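S.K.: Generate coordinates for the sequence data below:
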Amino acid sequence: MCIEARRIRFLIERDGLKGARVWVERTLSAYRQAVQSPKSHASKSSYRPLFEASIREFDAWLRRVSPQIKEELEMQVKDIMTPEVDLIDPEASVQAVAQKMRDDDVGAVPVAENDRLVGMVTDRDIVLRAVAEGDMGGATARQVMSPKILY
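M.R.: The predicted model follows:
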């Protein structure tokens, strides 16, 4: 296994691909400066080969992942958005809202009245404002929703 491979894998798991790239670029810069500085231990004959191997490995890794990172950075909202969103009526029952969430495999649904967004109902809203209060029978989306959505 290469010298830096484990460290790069750890960084990707911890910080994601972009975060790992930032760390590698900074470390690469520091290593290059250290190897060139006569005052640095990295420039000494016993350490220099280790630093140079790490530099080569970091360079190779950056060349391999740069196209993938560039593609991720160029992603636009339209590439991941849901173009048509189902809305819930404010008078819909909490049970109907919960069934909609289950069927659509989502944790939140927008509540609209007269083509205007008036709130959102999340699974947490249902738990805190209906289930915890013991009001599953007659509660409506309006009663449990989070109002005043800023957009």
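S.K.: Need the outlier residue of the chain, farthest from its centre.
M.R.: Computed with Cα atoms, centre = their mean, the residue of the chain farthest from its C-alpha average is S45, at 43.1 Å.
S.K.: Let me know the secondary structure of it.
M.R.: Classification of S45 by DSSP: H, G, I helix; E, B strand; the rest coil places it in coil.
S.K.: And this structure, what are its domain boundaries?
M.R.: 5-78, 82-147 (automatic domain parsing).
S.K.: Dump these to a markdown table, plus mean pLDDT.
M.R.: As requested, the domains of the chain are arranged in a markdown table below (pLDDT from 0 to 100):
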| stretch | mean pLDDT |
| --- | --- |
| domain 5-78 | 86 |
| domain 82-147 | 90 |
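S.K.: So which of those is the most surrounded?
M.R.: domain 82-147 (a mean of 15; mean count of other Cβ atoms under 10 Å). (C-beta placed from N, C-alpha, C; glycine too.)
S.K.: Straight-line length of it, end to end?
M.R.: End-to-end distance for domain 82-147: 22 Å, by Cα to Cα, to the nearest Å.
S.K.: Run the chain-centre distance for that domain.
M.R.: Relative to its chain's centre, domain 82-147 lies at 25 Å (Cα atoms, centre = their mean, to the nearest Å).
S.K.: What are the boundaries of the strands in the chain?
M.R.: Counting by DSSP state E, the segments of the chain that form strands are 108-113, 116-122, 146-147.
S.K.: Out of the ones you listed, the one nearest V85 is which?
M.R.: strand 108-113 (6.2 Å; Cβ to Cβ).
S.K.: CA-only coordinates of the closest one, as CSV, when you get a sec.
M.R.: Output of strand 108-113 as CSV, limited to C-alpha atoms (Å, rounded to 0.1, in the frame of the first residue of the first chain):
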residue,chain,number,x,y,z
ALA,A,108,-41.5,16.9,4.9
VAL,A,109,-44.3,18.1,2.7
PRO,A,110,-45.2,21.7,1.8
VAL,A,111,-48.6,23.0,2.8
ALA,A,112,-50.3,25.4,0.3
GLU,A,113,-53.5,27.4,0.3
